[in-house]
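[1] Build me a structure from this.
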Amino acid sequence: MRLPTLRFQPVLVLLLALIPVCLPACMLEDQVALAARSLQEHAGASLRLTIHPDRAVSDGARWRVDGGRWRGSGTRVSELSPGTHEVTFLNVAGWKSPAPVLVEILAGKAVELNVDYTIPSVESGSLSVSILPAEVNALGARWRVDDGAWSESGAQVNGLKSGVHTIAFNDVDGWTRPDAFQIQIASNTVTKFEAQYSFVGVRVGGLTVYIDPAPALDEGAQWSVDGGAWLHSGETVSGLAIGAHQVTFKAGKDWKTPAPRTVTVAAGTTTEEHQNYMLNLGDYIVIGYNDLGMHCMNEDFSELMILPPFNTLHAQVIRRGSSPKILTERLRVNYSIPGNTTSYLKTNFWDYDFDLFGVDLPLDVGLTGNGLAGQMLPRKEEGDWVVTGIPATPIDDHGALNAYQLAKITVDRSGTQIARTNTVVPVSWEISCNLCHSPDDSSMTGTDILMAHDKLHGTDLINQKPVVCGSCHAQAPLGLTGLPGVPSLSSAMHGAHAARMGLVTLQNNCYACHPGVETNCQRDVHFAAGINCTDCHGSMEKVAEPARRPWQDEPKCGDCHQRAHFSFEEEGLLYRESRGHHEIQCAVCHGSPHAITPTVTPADNTQAIMHQGVSGVLDCTVCHIKRPEGEFEHHL
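    Here you go, the predicted model:
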């Protein structure tokens, strides 16, 4: 039997090639028919798989079927037998591979499949570290994670990948930092941790308490910490454990005892605390003040005299109430300077008083007959009490230089003290003529001045010692009218020295003559605000103008201060002479000229602290039992 010629597909040819040539013709026909059916059944059974996104494909994403070879996106696999086949995917860094897929293949069918690689979501958490003890944080203790930015105690760092991270700490002087360590961060949670710095050395500190005002100290004001021994103002207690301690204060007669205070002592430092005592105010008060911010005097009177020891105190006595009243009669107002009870041993003024003024004064008695203690006299029209010519010097009874000594003023009625106060009696002899005149030998300063005057003006002062400058140059404070045609001492001194101040290297050249670099004549609220002498008084040339009247043509508060319904100084009077607010002297509430409170010198703040517990302008309640309603009247 002859076989017909057929156009076999390659698979069929292969099948026929496998049939033994020795088979009978009928068997050969069966095998051919079987192969043809098999080929027909598998025709079109294939799988094509496309991977997304393209970026995953470019990064190497691949697939395979039934563990075969890896294939690229979009390729087709044919000759798949009908049934279930498993498709798996190649793992690619940075991508999350699709899960294996089971695909059902049907005979003669072409299957199309799309799969997605995805970017895995980053699981993150947060971290917060608290640093102990609290005091080390103020010194700059910080923490960080994985070499990142430094964070303060309690700060929270977000977006940390879940897993292990490293925490480290910075160095702080005097403390041992915690060692770096690793911590596990969980996703979607805030991990909190505490870290402890260790103090290097003993964990102790000190405490110093300062008490004001000075009169309270003289009358026994003291302090104690944690119930220990009573201590004086300015004493220090060392070796206190760091943390809270209670400070208590000793009660004193006539004084309100401050309430106990809790203070915190820090390690390795001395904590400073300040506390003010305050008088128990009764039905009466007395407020004292000086007519000048600073009285000047010569230290030596053997050759010349500019100014003698001469101080003036004023006081107003007020009966407190809903309508306070100024009192000028049926009272005894006394003054004294407790720390300065004698002056004649501190100056040679009483050796030359007759040569200078033609009077032989008793020791420790000034030019107006008043001493360092005595009575003040009333001035009914002005509504105050006054004492003039107090012969105070800037040396106290202990030999210390002190330009701001405190005077004591007491008020007696029928032998009973009803009010008291303390106020500054300012005096200085820091007249630094020796900056230019005989700077190498201060004992010759006076002689050098007189010789220079004789040379310039044809006088013979060197042979007339001791010389009173005001005998020729008018001096209003001393009532000396000078000689006709001769300029006042103020005009002559400022005019003669104005062109010579280039020889002086001081921050404030006024202090070359007026007290002084150490005395600090101007020390008030204006000084603290950066206002200096020339801002108010003008230049030396201006002060030297012949038409100017010394001690009268002075700057006024109203030149700078303007306020609706307020008046500043009385018409024709200076601040030191003026009254306001129902005839209260301006200086009673505000302080003496050049010492307007609050001042930079503690002594000048004493009186305000005594009466209201704080420095500064006196409050209404010092005089008024109940704070008045309505607008404050800053005028007579």
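[2] mind listing the strands in the stretch 201-350 of the chain by residue range?
    For the stretch 201-350 of the chain, the strands defined by DSSP state E, counting those that start in this stretch cover 204-212, 223-225, 236-241, 243-249, 255-256, 261-265, 270-276, 278-279, 284-290, 295-296, 304-305, 311-319, 325-327, 332-336.
[3] just the angle between the fourth one and strand 236-241, please?
    Between the direction of strand 243-249 and that of strand 236-241, the angle (axes from the mean of the first three to the mean of the last three CA atoms, to 10 degrees) works out to 140 degrees.
[4] re earlier: please identify which of the strands of the stretch 201-350 of the chain is closest to Met610.
    strand 278-279 (5.0 Å; CB to CB). For the C-beta atoms, the positions are set from N, CA and C on the backbone; glycine is no exception.
[5] how much distance is there from that closest one to the middle of the chain?
    Distance of strand 278-279 from its chain centroid, counting by CA atoms, centre = their mean, to the nearest Å, is 28 Å.
[6] Output the contacting helices and strands for that strand.
    strand 255-256, helix 606-612 (3 or more CB pairs under 8 Å, 6 or more residues apart in numbering; DSSP states H and E).
[7] Pick the most buried one from these.
    helix 606-612 (a mean of 24; mean count of other CB atoms under 10 Å).
[8] Tabulate the CA atom coordinates of that one in CSV.
    This file holds the C-alpha atoms of helix 606-612, laid out as CSV (Å, rounded to 0.1, in the frame of the first residue of the first chain):
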residue,chain,number,x,y,z
THR,A,606,16.4,102.6,101.6
GLN,A,607,13.6,104.9,102.4
ALA,A,608,11.2,103.6,99.7
ILE,A,609,11.9,100.0,100.7
MET,A,610,11.2,100.8,104.4
HIS,A,611,7.8,102.2,103.6
GLN,A,612,6.5,100.1,100.7
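[9] Touching it from outside, list them.
    Residues from elsewhere that reach helix 606-612, judged by CB atoms under 8 Å, 6 or more residues apart in numbering: 212-216, 276-279, 281, 285, 287-288, 406, 421-424, 591, 597-598, 614-619, 621-622.
[10] what does stretch 129-136 give?
    137, 141-143, 151, 153-155, 167, 169, 172, 175, 192-197, 242, 266-267.
[11] Tell me where the stretch 301-450 of the chain has helices.
    349-357, 445-457 (DSSP state H, counting those that start in this stretch).
[12] ok, and for the first one, which residues are buried?
    The neighbour-count criterion (16 or more other CB atoms under 10 Å) identifies Phe349, Trp350, Tyr352, Asp353, Leu356 as the buried residues of helix 349-357.
[13] Over to stretch 213-228?
    Pro213, Ala214, Pro215, Ala216, Leu217, Ala221, Gln222, Trp223, Ser224, Val225.
[14] Next: stretch 157-177.
    Going by neighbour count (16+ other CB under 10 Å), the buried part of stretch 157-177 is Val157, Leu160, His165, Ile167, Ala168, Phe169, Val172, Trp175, Arg177.
[15] Which among the contacts of stretch 129-136 count as buried?
    For these, buried by 16+ other CB under 10 Å: 137, 141-143, 151, 153, 155, 167, 169, 172, 175, 195, 197, 242, 266-267.
[16] what's the closest of these to Cys472?
    Ala266 (64.1 Å).
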